[in-house]
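Visitor: take a look and give me a structure for this.
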Amino acid sequence: MDDRNWLAERFEAHRPRLRAVAFHMLGSGGEADDAVQEAWLRLSRTDPAGVANLGGWLTTVVARVCLDLLRARGARREEPLDTDLARRPGGGDRDGTGPEDQALLAEGVGAALVVVLDTLTPAERLAFVLHDLFAVPFEEVAQVLGRSPAAARQLASRARRRVQGAAPDPEVDRARQRAVVAAFLAAAREGDFEALLALLDPDVVVRADAGRVVRGARAVAEQALGFAGRARFAGLVLVDGAPGLVVAPQGRPRIVLAFTVRGGRVMGLEVIADPERLAGLNLAFLDG
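Guide: This next block holds a predicted model:
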């Protein structure tokens, strides 16, 4: 086995953890893959003999790549969704539904946590993800951030409080959530912009396949107006047990909207149009 094949084998052994770190950091399967690929490119240009701890070195590289991407998001306008709030199927985008993603979802990294993580600053998110979720020592977190271990600890603590404070109540009122989702559907069908605004949290985040994002109540309400045409085919549904909407012309699900509702308002919304993801959802149709 030549040196490159040996290095590739060692890298592949670390890939699941690296992708998990990147997915937690970025909330996008496609971007996570890109971050991991960048780590491989950097490793292939490095003398492995000078890397004492390959796993730690790769984690640091992926974390820095993700940090740069998060900071770039804040420095530019987010790419808006299509006017119907969904990516067209068949575009070839990676949707992040591999084994690693399923493991992440099993750990509770669903739409609700992604929404909460999106409220953190890039530095807070990195400190929380690396230390609290992947047990990276604060000394190493500090090196990635270019700050002191004490500062990294403080960032993680601040992020932890915000995540814990936003954790969903296990005794959620499903009837109230269903009412909010039903009101959202009615407002979208009627093109009622003000009603949509009243239902949305000011910091609402909408994510679609491939990690495309819309933020803020006004932007989301404007996008929802473009959903009016398809809304006539939509109906209430339980998405993995939580109230949501499904667009199912001729009874075949084409788009699913999974809602995160807290305090009577929509805080997060995930738009799923990829056929493979749709096939993996547990949907229960509701009346009305």
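Visitor: where's G235, which helix or strand?
Guide: Applying DSSP states H and E as the criterion places G235 in strand 234-239.
Visitor: same question, A224
Guide: helix 217-225.
Visitor: surely R277 is in contact with A208?
Guide: No. Assessed by CB atoms under 8 Å, R277 is found out of contact with A208, at 10.8 Å. Glycine gets a C-beta too; all of them are placed from N, C-alpha and C.
Visitor: the more surrounded of the two?
Guide: Neighbours around R277 and A208, counted as other CB atoms under 10 Å, are more numerous at A208. The numbers are 23 against 17.
Visitor: same question for whichever strand or helix holds A186: list its buried residues.
Guide: A186 belongs to helix 174-190 when assigned by DSSP H and E. For helix 174-190, a neighbour-count test (16 or more other CB atoms under 10 Å) marks Q177, R178, V180, V181, A182, A183, F184, L185, A187, A188 as buried.
Visitor: right, and the helix or strand after it?
Guide: Of the helices and strands lying after helix 174-190 in sequence (DSSP H and E), the nearest is helix 193-199.
Visitor: distance from that following helix to the middle of the chain?
Guide: When C-alpha coordinates are averaged (CA atoms, centre = their mean, to the nearest Å), helix 193-199 and its chain have centres 24 Å apart.
Visitor: then stretch 126-140?
Guide: Between the centre of stretch 126-140 and the centre of its host chain there is 19 Å, according to CA atoms, centre = their mean.
Visitor: span of that stretch from start to end?
Guide: Stretch 126-140 has an end-to-end distance of 11 Å (CA to CA, to the nearest Å).
Visitor: domain-wise, how is this structure divided?
Guide: According to the domain assignment given by automatic domain parsing, the chain is divided into the following structural domains: 3-79+95-165, 174-285.
Visitor: do a quick rundown of the helices in the chain.
Guide: Listed from the start of the chain, the chain has helices (DSSP state H) covering 3-26, 29-44, 54-75, 99-106, 111-118, 122-127, 138-145, 149-165, 174-190, 193-199, 217-225, 228-231, 275-279.
Visitor: any idea which of those is most buried?
Guide: Mean neighbours per residue, mean count of other CB atoms under 10 Å, is largest over the helices of the chain for helix 122-127, with a mean of 24.
Visitor: which helices and strands does it pack with?
Guide: helix 54-75, helix 138-145, helix 149-165 (3 or more CB pairs under 8 Å, 6 or more residues apart in numbering; DSSP states H and E).
Visitor: for the ones you listed, give me a markdown table that also has distance to L236.
Guide: Rendered in a markdown table, the data for these read as follows (distance: least, CB to CB, whole Å):
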| stretch | distance to L236 |
| --- | --- |
| helix 54-75 | 33 |
| helix 138-145 | 43 |
| helix 149-165 | 29 |
